[in-house]
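Chemist: Please find the sequence and the predicted model below.
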Number of protein chains: 6
Amino acid sequence: MPHHRPVDAMAYPRFEGIRTFMRLPHLAEVERLREADLAIVGVPFDTGATYRVGARFGPAGIRNESMLLRPYHPELAVDVHAELSLVDHGDLPVTPGYLPESHAQIAEAAAGVLATGVTPLFLGGDHSVSLPLLRAVAARHGPVALVHVDAHADLWPGYYGGKDTHGTPFRRALEEGLIDPERSVQIGLRGPVYDADDVEVSERLGLASLSADALHRRGVDAAVELVRKRAGGPGPRYLSFDIDALDPVYAPGTGTPEVGGLTSVQALRLLRGLAGLDFVGFDLVEVMPAYDVGAVTQLLAANLAYEMIALAAVAKRGPA
Amino acid sequence: MPHHRPVDAMAYPRFEGIRTFMRLPHLAEVERLREADLAIVGVPFDTGATYRVGARFGPAGIRNESMLLRPYHPELAVDVHAELSLVDHGDLPVTPGYLPESHAQIAEAAAGVLATGVTPLFLGGDHSVSLPLLRAVAARHGPVALVHVDAHADLWPGYYGGKDTHGTPFRRALEEGLIDPERSVQIGLRGPVYDADDVEVSERLGLASLSADALHRRGVDAAVELVRKRAGGPGPRYLSFDIDALDPVYAPGTGTPEVGGLTSVQALRLLRGLAGLDFVGFDLVEVMPAYDVGAVTQLLAANLAYEMIALAAVAKRGPA
Amino acid sequence: MPHHRPVDAMAYPRFEGIRTFMRLPHLAEVERLREADLAIVGVPFDTGATYRVGARFGPAGIRNESMLLRPYHPELAVDVHAELSLVDHGDLPVTPGYLPESHAQIAEAAAGVLATGVTPLFLGGDHSVSLPLLRAVAARHGPVALVHVDAHADLWPGYYGGKDTHGTPFRRALEEGLIDPERSVQIGLRGPVYDADDVEVSERLGLASLSADALHRRGVDAAVELVRKRAGGPGPRYLSFDIDALDPVYAPGTGTPEVGGLTSVQALRLLRGLAGLDFVGFDLVEVMPAYDVGAVTQLLAANLAYEMIALAAVAKRGPA
Amino acid sequence: MPHHRPVDAMAYPRFEGIRTFMRLPHLAEVERLREADLAIVGVPFDTGATYRVGARFGPAGIRNESMLLRPYHPELAVDVHAELSLVDHGDLPVTPGYLPESHAQIAEAAAGVLATGVTPLFLGGDHSVSLPLLRAVAARHGPVALVHVDAHADLWPGYYGGKDTHGTPFRRALEEGLIDPERSVQIGLRGPVYDADDVEVSERLGLASLSADALHRRGVDAAVELVRKRAGGPGPRYLSFDIDALDPVYAPGTGTPEVGGLTSVQALRLLRGLAGLDFVGFDLVEVMPAYDVGAVTQLLAANLAYEMIALAAVAKRGPA
Amino acid sequence: MPHHRPVDAMAYPRFEGIRTFMRLPHLAEVERLREADLAIVGVPFDTGATYRVGARFGPAGIRNESMLLRPYHPELAVDVHAELSLVDHGDLPVTPGYLPESHAQIAEAAAGVLATGVTPLFLGGDHSVSLPLLRAVAARHGPVALVHVDAHADLWPGYYGGKDTHGTPFRRALEEGLIDPERSVQIGLRGPVYDADDVEVSERLGLASLSADALHRRGVDAAVELVRKRAGGPGPRYLSFDIDALDPVYAPGTGTPEVGGLTSVQALRLLRGLAGLDFVGFDLVEVMPAYDVGAVTQLLAANLAYEMIALAAVAKRGPA
Amino acid sequence: MPHHRPVDAMAYPRFEGIRTFMRLPHLAEVERLREADLAIVGVPFDTGATYRVGARFGPAGIRNESMLLRPYHPELAVDVHAELSLVDHGDLPVTPGYLPESHAQIAEAAAGVLATGVTPLFLGGDHSVSLPLLRAVAARHGPVALVHVDAHADLWPGYYGGKDTHGTPFRRALEEGLIDPERSVQIGLRGPVYDADDVEVSERLGLASLSADALHRRGVDAAVELVRKRAGGPGPRYLSFDIDALDPVYAPGTGTPEVGGLTSVQALRLLRGLAGLDFVGFDLVEVMPAYDVGAVTQLLAANLAYEMIALAAVAKRGPA
């Protein structure tokens, strides 16, 4: 079985070539994902957005800024290409403008990806895509511990008279038993909300949470500790990362920015703090290139995806 | 009955104040539209977009750039505020992410506006909104002569297995008898299409058309003449203007730009050439601020809306 | 008396509608401000700027980015719309290019606003507008404790041979007895200055100050403590916040950016630290949209204005 | 006497060096202007602007984009550096925020420049600067034939209760006898105005004009002919060029853009059509870098300045 | 042999998928180019640039904006995918910062591409790449008729003491006998030059030329006629298109912009006027995404590449 | 001997005048540098860049944003113009596209500058320019202690088969004995690298280093202490500062941005922590205006240059 790697940066300088993630091989046929340990999978759907819109261009934008990434992660002391066979699967099919239909398409295609045994790293798209992704993940692995990094809890029962949007996926997922609230945790919540219940809903539904304000006061290590305590035990784990967890200065290219968010250093440390845990899947959502400036959001997103890959590499390698 | 006008630019410089269109009075109650001859009405819906998305911010963007407009139109020799009582109604309610539901909301609200007797100038939104708008218009006035300025014919039977999008409104409108093809005309079509039938479909369905290429070769007067010949007779007339009729240099802030389009001078002349015709309604769609540069698209759109207002003013005044 | 609130975000999604602040009712008649507890009031004057210019578009820009704000403030545990009747008064009249005339217009109009008993939250405009605003405030309330957050002391005796600019308002205000130096404090000063006296002038004139460098070293709590110690006692209090207190990365859209400034998190904490104090007025100045990138400055300014509203809400509610 | 030229582009590539116009020698002492035939002179004053503001950065912006200009003008067959000793004088002193004081400073400094016998090419600044410039010019040369290229007539009696702004300079100049209306002409006027009188005022005051619309219909040659007929005879001539004569697509970086303006090709041809006429001075105003996109306005302005230099070169060389 | 086509836009909306040109299959192995009629080939080299630099990102930028292109060309009445098997070969290897080494790499790799019999459409890169490309082309086909569309003649003997740059490729090509001057033609030259000889050099070296100014005066048809007269006869033909032939407003994203250039409509007509001629290769150079605004340059470049593909399709189909 | 200072900001507002650094006198003749203590010297060369390119516009960009700097540094309590005679020498000649030739030009010109006894503050350009600069510095002063602030170690033996680039200067400098590894230190390294050896290479070659991650954990004071311990003793010292040491949010305008970098406050404190040490020269490299947003990178770079000037002023003044 081939071990897939990017093209060589010394033969083809990093500004060259077709923009797959990190210039990895593009394996469009789902069956061939068996050749890989981890696959980048775009989910360019944004019809669930309630304010700014355009995350359909997120996967292309993140790929575009992933050219500078290199094999060896100094802080985690791991060479991701040595440990993992990595590929880019391209994007899942969706029907823009039609949420229920697209969610069905996404769930079905994601199930096909998961069936190959590959670990998927999904690039959104708006956060509504996490619902069909979790449906596929839970169908294969059972209810998961959710590690959810975000400015918003996304636990609304429905918008505009009950409609599903990017503000509702985890409410649905809880109702459907896709995630195990006792093993789940939300990091980074902040900003004004509709009413006092919005603050209490996480806890009431059984999840733990650490607000951005608390993280700023208590430090990233407190967040790492909480995640490990809640989600670190046995059972499948899934990481869902909304780029708006970062402050708008670090991630202007997103749909519902909230001031007072994480810095890039905090986000990197949070992810590095999870080294050793294995995840059955990852998603990174709400990157919106049309609102980005200087591509800083897309570059940061590419780096966050790289950190997730490094987590998978460390988990596969096992204890050093 | 009050005659509504903007605030005075000599007392309140034009950078001041709340951003209604031209700083007109904001009459949010539909009943009060009886006080106006023409009303600006936003339709911030963009779930029908198939490529770039974000026209939901179009109405706000156009209002923002309308501050520089002044009362007197030198070429048509008409003072729009002397002839017309003008107001801004704000935006119609929609449900982002849900096309059929939103189309129903739009059609119902538009019917309410039309019932007051005011002439509406709708600011989109993507071009799919023209379908519910035409449903309301035809319900009140009967089938209309459509004057359609656009890079694309928007006559597709359906996308992605039959779905309605911003590429299908006029096919639906023809099927539903909302527009009279014999009195209708399309101006500005261009760009590569899916197959040869896309070029012939306008004619096959009974509409006349003049491509951008033909307009460039034969001049704007040929377009004016064709519109007047087709749509100039008795019966209700509706003008639907997609900003992508303009070249991407003049209108970068749009969803599916096509090179080789109209210049601003051609667009202005085309509209001025229709002076004397009265319209039962207007729409101006596909302005997408997130893709605009230097606000040129939004400024141009504000001016095109002003030209439509001037057409209504000239029509009301009658022959000079 | 009506209790004024924004339009409902579930019926009208947040990208809809006329851009008043938070989509609050627009009460242009000064007499009607009696119906409100707090009013947003634009002061779009920028002729006092000595380097970059364009803060006349500040109020419109801040309104534009205030759409995402929601009623409930989790950290202060207050629903601003439950506590306060809130409205947007629009902008005060000014004469661009004519500073003395405009200052007279501003002082007179501000006096009219204050006479209704409403608490004003003024959106500048360059910092020179604080002088006429303080004239109106002090005329009603007597000399105020000034809480001044800024990169610059704005205490220059005059520019270019004695002229008033945005660098001089508080020197004038001290000379005119509008502010009580013993109860006043400046937070965030930094950057190279003209000479050593510029550093000492605050203290020499009787104000206390904490530089940005000191704030970074000693923490936000030190700043909060200093403000409370100086300005926390009896007597009227006024908050003047120059957006350039923030680092240029958080607030690129301003006129005289200085590196090394506050982060958004520091600014939020500083304001939240003042909860319980009531203010007779607020201003937020020097937001310059033409220099903004990705609207981050305008979004942050909208949030800082929201924090000021929350301070007013907490003060009105009284001890929890 | 030295013949001043730019640095050599083959020794110092064109991206190198201090940004004087075309990298010409910077002669800051007014007396040394006797060494030059033509001098670039910045007038960075913008307090007269009524809408957008920021033309104070115009001279620096134009200089920045002048690096690509080269010596030989193919269409006019003239080497500007062979014919003319060219220098950059830097900027005249102004007092931002204070119009009357600044106009006095400008008039006095411009008089000093003119006294050296050099031909000045002034870079604005807003259009209000043309008034003090014409005061200095007329004091030396007597009333001039004005060739005025602009979207706006700038003949308003006053704004906001009689104040001078960038909309009034030529009304004042006519009243003061600085320009000879019978020999003067305005090219490019367009856009909605305040009332019908705004259209007739040029003619009523004795000037000739050709609107942008007429220019588009009748061709640039008609404009050239009109200018030559009016202003081509004996007596001093002055050229005042407002960049907003161009369409906003060609000149987005300006303060009061009007759609439907000239293209770059039309503007170049208009100026080239004046070859052989000598001018006692030139100004190029209303370039506003903060609103520019891709520096196209500044690059075009640098080229228009170059065309004016070429006109001076042709005039000095005399008939070929 | 497979007939290569893009993915289906009805199954995978056009914002989806890996960014090859038009989402064509990526055939990285040179041998597989035998399966194609025409191949997109990137040449991301920009070390030859003398002013702005960054065309190394040109191929990626053009690919990114090619998503909107569709199969059928209405004006030429040809379905490019029906006529041609089309693929994207990716980019040729280069060594950034090392011109002679890179030119050798380019020539060698281009020779390999040409050896498969495919028609290459090269996407630059700066214009210096045309020299090694012509070396490979002439080695296979003999001296070619050059159709050169550009603002600059690129015939300089050398820069900075004789060095090769993007201003010298065609001088070298003439000296090496790669192009036949008698059958060659340059279209679009303009702008100030170093001296009078720069204007005469084309003719002196035996090429014909039509300046932009002449094209504007005499019309595009004159340019088409000249090209057909010079280059339309027997023998191999090569088209080299520098995006700066367009006006900076249409192509701001380039390295040495010159005002007064072609409009998009003129450029499209020029290329369409060549229908029926077959070319042994094409290049499209000097697209510089970092200087683009709103992606208009990249979108236009993608369309110009499409026009070249259509020329190949018409030539293959033969007379209709 | 004259003491050189900037023009007076009260007579010429800071937006006025020719853009030398801080509006200092431009002394282009190298001999006249004897009149100065410290000279700004541009080195606009970027052919060594391996990814994004365009640092040739760095010196002009930094000068453009240096207008806001003022004489007195409050934290270091020093008036830079009182202590130092300061001038701007303009830019050194280079040959774009030709690295070895340009390096020779730079070394020779830098030697001429150093021969006058002035302390140079070089503004790059890409980091490859530090090699010829160090050659000139070491030729005059002997091997230097290098204080190197950067995201990257720039110690690669060669790229693309051994070529010199901006990733190799300090490897060459070590090999040539230009820097004393035992007295040298690297601050800010981070990001994924090619392999584990890239992390160890600094130490193996004898340099000390503190990664950005370590700096974030241990604080800026740890970095200051390390620098002082290594480089604080006797012997010449040289400071090389790559702007990408800063996080991409603070310095988006650079060529190879790495997330997780220093904040502006950390960078300022690091430099201020070195007060009292004298340096024989400084460079500040990799500022790339085409990728900047809101000029924040260029403004920060101007401030970092100012901090270096203040270091020179403190060193000259001697202990307070």
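Modeler: Noted; the coordinates are in hand.
Chemist: Wasn't A:Leu131 part of a helix?
Modeler: Yes - according to DSSP: H, G, I helix; E, B strand; the rest coil, the state of A:Leu131 is that of a helix.
Chemist: A:Ala173 is in contact with that one, correct?
Modeler: Yes - A:Leu131 sits in contact with A:Ala173 when judged by CB atoms under 8 Å, with a separation of 6.0 Å. Any C-beta I mention is one placed from the backbone N, CA and C, and that applies to glycine too.
Chemist: The two: who's more crowded?
Modeler: Taking A:Leu131 and A:Ala173 together and counting by other CB atoms under 10 Å in any protein chain shown, A:Ala173 has the greater number of neighbours (27 against 24).
Chemist: Tell me who's in contact with A:Ala135.
Modeler: One thing to correct before we go on: residue A:135 is Arg, not Ala. Neighbour list for A:Arg135: A:107, A:110, A:176, A:178 [criterion: CB atoms under 8 Å, 6 or more residues apart in numbering or on different chains].
Chemist: right, I mislabeled it, should have said A:Asp283
Modeler: Contact analysis of A:Asp283 by CB under 8 Å, 6+ apart lists A:43, A:121-124, A:129-130, A:133, A:238-241.
Chemist: and it, what helix or strand is that in?
Modeler: The secondary structure element spanning A:Asp283 is strand A:281-285 (assigned by DSSP states H and E).
Chemist: Could you please name the strands that strand pairs with and the direction of each pair?
Modeler: Sheet pairing here is set by DSSP bridges, and for strand A:281-285 it gives strand A:119-124 (parallel), strand A:237-242 (parallel).
Chemist: okay, those in CSV with mean pLDDT and mean neighbour count next?
Modeler: As requested, these are exported to CSV (pLDDT from 0 to 100; neighbours: other CB atoms under 10 Å in any protein chain shown):
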stretch, mean pLDDT, mean neighbour count
strand A:119-124, 98, 27
strand A:237-242, 98, 26
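Chemist: In TSV, list these along with distance to C:Met288.
Modeler: Shown next, in TSV, are the strands paired with strand A:281-285 (distance: least, CB to CB, whole Å):
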stretch	distance to C:Met288
strand A:119-124	33
strand A:237-242	30
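Chemist: Quick one: closest of these to D:Gly260.
Modeler: Comparison of the strands paired with strand A:281-285 against D:Gly260 by CB to CB identifies strand A:119-124 as nearest, at 42.4 Å.
Chemist: hang on, the earlier thing: among the contacts of A:Asp283, which one lies nearest to A:His216?
Modeler: Minimum separation from A:His216 among the contacts of A:Asp283 (CB to CB) is found for A:Phe241, which lies at 18.3 Å.
Chemist: The closest one and A:Leu284 touch, don't they?
Modeler: Yes - A:Phe241 sits in contact with A:Leu284 when judged by CB under 8 Å, with a separation of 4.9 Å.
Chemist: Give the residues shared as contacts by those two.
Modeler: Residues within reach of A:Phe241 and of A:Leu284 at once, by CB under 8 Å, 6+ apart, are A:304, A:308.
Chemist: Pull the contacting residues for the residue lying closest to A:Pro25 once chain neighbours are set aside.
Modeler: Once flanking residues are discounted, A:Pro25 sits nearest to A:His4: 4.8 Å by CB to CB, 6 or more residues apart in numbering or on different chains. When the contact criterion is CB under 8 Å, 6+ apart, the partners of A:His4 are A:24-25, A:27, A:35-36, A:85-87.
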